[in-house]
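[1] Quick one, what's the 3D model for this:
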Amino acid sequence: MNSPGFFKFLSTAIVLVSLGLQTYSQRIQYSRQNFKMPFADATKLVANISGLHHVLSFTFDEKPSIHIYDDKLQLVSKKEIQFKFQQRLLAQVIPFKDYYFLYIHQSGQPKHDFWRIDAQGNAVDVSENFQRIIDTTFKKNVNTLQLVNRGNQLFVLVNTYYKEIEKSIYTVVHIDKNLSTVSTRKIVFPLKSFEGLRQVTMFGENLIILKTSGDSTGYSLQLIKANLNTGKLLMNDFSGNSSPYTNVGFRYIAEDSSFLIYSLVRGAVFISKLDTALNFRMPVVLVKNRLANRSGSNYFFLPGNEQQCINMSSGIQRAPRTTSRMQNSQVRYTFDGVASYNNSFQRFGESAELYADRMYREGVPVLSNRYDYDNYRTSGSYRTSSAPDPPLCFSVLDKQLALLRDSLVVNGKSTPNVHPTSAQNITLHNKSYLLFTQSFTPKKQGLLLVQANGNDELQISDLMVNDNFEYLLSELQPVNNDYVIIPFRHKREMGLVKITMEK
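    Take a look at the predicted model:
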């Protein structure tokens, strides 16, 4: 086990600020030891299981390994799960306080593997009991399960669509920790062939269902609240639109007990709020983003004691293509140059640098050339790929959800390349942050933090992490609303980094 040089235990308070007057600091701590491993087909992080952090590594035709770190990021042990996979694999972790369940389903196989793993990494195969629940509850073979921890209770959600009656049935099975069925409840709701389910979430004793539809009569967006005890449905329908709803989503806002609904429609951001009875708490607002046509990714910071950030990306993105055997992982990515935004700026007929200069002259705040990163740590220049990612737009909204300000981050050959597909939205101490990976050279990678500060001003910070490492932001885990844990890779080693936000 080797330590990453002087990054063995690193804390830093370095911040670079753009368009903001408020200064924030980050403490960055690396694991005291890394562990050696071949390039895994997938990695999953399970943070804060009785204060311990587990890194699960899956490699084809090998037993999955569990490397366990303590709260000081000291590597304390390694365990193996007595299992090997031979097909494409879907894996899901359902964490609890002192243990977690690992659900594994191989593509095309009727068997559903289920493991209970404690904080010390001891894995118990409980597949037989779990399979019995699936076989006795459902008449058809089940390929897709949604497993959730709701109120420290385990629930299995399965959706079955019946085309002939244009209805969908959600079956919700409550299972105790010994894998015995506590209850089975069903929700029936209308679903036509031209409608699509976009999001389903358990909320207390209810299912909250978001669906969209579109046919010759127009497009609509519908939120359904289904009571699991009575089967009663409450609905609110946003209909009569001549354009489709895309990038739709909703979330619950505890601050005012409301559901925030958002979508892209007709080139604008559609936002509304409903109360828990699905009555309007705030009417529909359409936010016109003046920079939408000049960027590939758009992010909106909303005000409130529980600050929210929503990703309303549109346009052409530099999309990742995975060769992984596992459907849940973002590893072994290659990038398709054909879909790389037409060489990024040919759309504008100019280079990234000329585009950024023109935007500045037109009065658009541009965060390109936002810092020189100590002149790239004495190297003198950045060396990003020949096809940078498209620009990123960040916007701040006021309490009436009107646009306060927006800014562009433009990727070019003379600036770090910020990857929009890596974006992770995290909330610590009721404050929302966006975290991205950024490339300085093909082999040098860093992290970029974007936030709206207390003055509703945009702030961008380069986190001074070790740029030799590859950071797996898809596996980022917040812990106790205080900090985040992120796995990283370096050559044939893997470790963890802890990032704490401080004001």
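[2] what pLDDT does the residue nearest in space to the middle of the chain get?
    Closest residue to the average C-alpha location of the chain: Gln424 at 5.1 Å, with CA atoms, centre = their mean. In this model, Gln424 is scored at 93, pLDDT.
[3] again with Leu75
    97.
[4] what's it in contact with, if anything?
    1, 31-35, 67-69 (CB atoms under 8 Å, 6 or more residues apart in numbering). No exception for glycine: its C-beta is placed from N, CA and C like everyone else's.
[5] same check, this time on Phe85
    Counting by CB under 8 Å, 6+ apart, Phe85 has contacts 58, 60-61, 104, 106, 325.
[6] Columns pLDDT, secondary structure and neighbour count on top of the contacts of Leu75, output as CSV?
    What follows is the contacts of Leu75, written out as CSV (pLDDT from 0 to 100; DSSP: H, G, I helix; E, B strand; the rest coil; neighbours: other CB atoms under 10 Å):
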residue, pLDDT, secondary structure, neighbour count
Met1, 40, coil, 12
Ser31, 95, coil, 29
Arg32, 88, coil, 18
Gln33, 91, coil, 18
Asn34, 93, coil, 23
Phe35, 92, strand, 18
His67, 97, strand, 25
Ile68, 98, strand, 19
Tyr69, 97, strand, 24
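[7] Dump those residues into CSV; add distance to Ser216 as well.
    Formatted as CSV, the contacts of Leu75 follow (distance: CB to CB, whole Å):
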residue, distance to Ser216
Met1, 64
Ser31, 57
Arg32, 63
Gln33, 62
Asn34, 58
Phe35, 58
His67, 56
Ile68, 57
Tyr69, 57
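[8] which of those lies closest to Leu434?
    Lowest distance from Leu434 to the contacts of Leu75 (CB to CB) belongs to Ser31, with 24.4 Å.
[9] Could you check how far that closest one is from Gln445?
    Going from Ser31 to Gln445 by CB to CB, to the nearest Å gives 17 Å.
[10] which residues touch the residue nearest to the centre of the chain?
    Contacts of Gln424 by CB under 8 Å, 6+ apart are 434-436, 473-474, 476.
[11] switch the cut-off to 7 Å
    435, 473, 476 (CB atoms under 7 Å, 6 or more residues apart in numbering).
[12] Okay, and the beta partners of it?
    Leu435 (DSSP bridges).
[13] now Gly196
    Those that pair with Gly196 in a beta bridge, by DSSP bridges, are Thr212.
[14] I figured it hits Lys211, correct?
    Yes: in this structure Gly196 lies within contact range of Lys211 using CB atoms under 7 Å: 6.3 Å.
[15] Look at those two and report which has more neighbours.
    It is Lys211, of Gly196 and Lys211, that has more neighbours when counted by other CB atoms under 10 Å, with 23 against 13.
[16] just checking, the more buried one touches Leu197?
    Yes: the pair Lys211 and Leu197 qualifies as a contact (CB under 7 Å) at a distance of 5.3 Å.
[17] Could you pull up the mean pLDDT of stretch 79-98?
    88.
[18] and it, which residues are buried?
    Neighbour-count burial for stretch 79-98 flags 79, 81, 83, 85, 88-91, 93-95 (criterion: 16 or more other CB atoms under 10 Å).
[19] Any idea how far apart the tips of it sit?
    Here the two ends of stretch 79-98 are set 17 Å apart, with distance taken as CA to CA, to the nearest Å.
[20] Likewise for stretch 162-172?
    For stretch 162-172, the end-to-end distance is 17 Å (CA to CA).
[21] next one: stretch 79-91
    18 Å.
[22] Off-centre distance for that stretch?
    23 Å (CA atoms, centre = their mean, to the nearest Å).
[23] And stretch 132-147, by the same measure?
    Using CA atoms, centre = their mean, the offset of stretch 132-147 from its chain centre is 27 Å.
[24] same check, this time on stretch 428-446
    13 Å.
[25] Equivalent analysis for stretch 109-125, please.
    For stretch 109-125, the distance to the chain centre is 25 Å (CA atoms, centre = their mean).
[26] before we move on, what about stretch 289-300?
    Remark: stretch 289-300 is offset 19 Å from the chain centroid, using CA atoms, centre = their mean.
[27] That stretch spans what distance, first to last residue?
    With CA to CA as the measure, stretch 289-300 spans 10 Å from end to end.
[28] where along the stretch 151-300 of the chain do the strands fall?
    Using DSSP state E, counting those that start in this stretch, the strands of the stretch 151-300 of the chain run over 154-162, 167-175, 181-190, 195-203, 206-215, 218-227, 233-241, 246-253, 258-265, 268-275, 280-287, 297-302.
[29] which parts of the fourth one are buried?
    If I follow you right, that is strand 195-203. 195, 198, 200-202.
[30] is it true that Arg294 touches Pro391?
    Yes: judged on CB under 7 Å, Arg294 makes contact with Pro391 at a distance of 6.3 Å.
[31] So for these two, which residue has more residues nearby?
    Using other CB under 10 Å as the criterion, Arg294 and Pro391 rank with Pro391 on top: 30 against 21.
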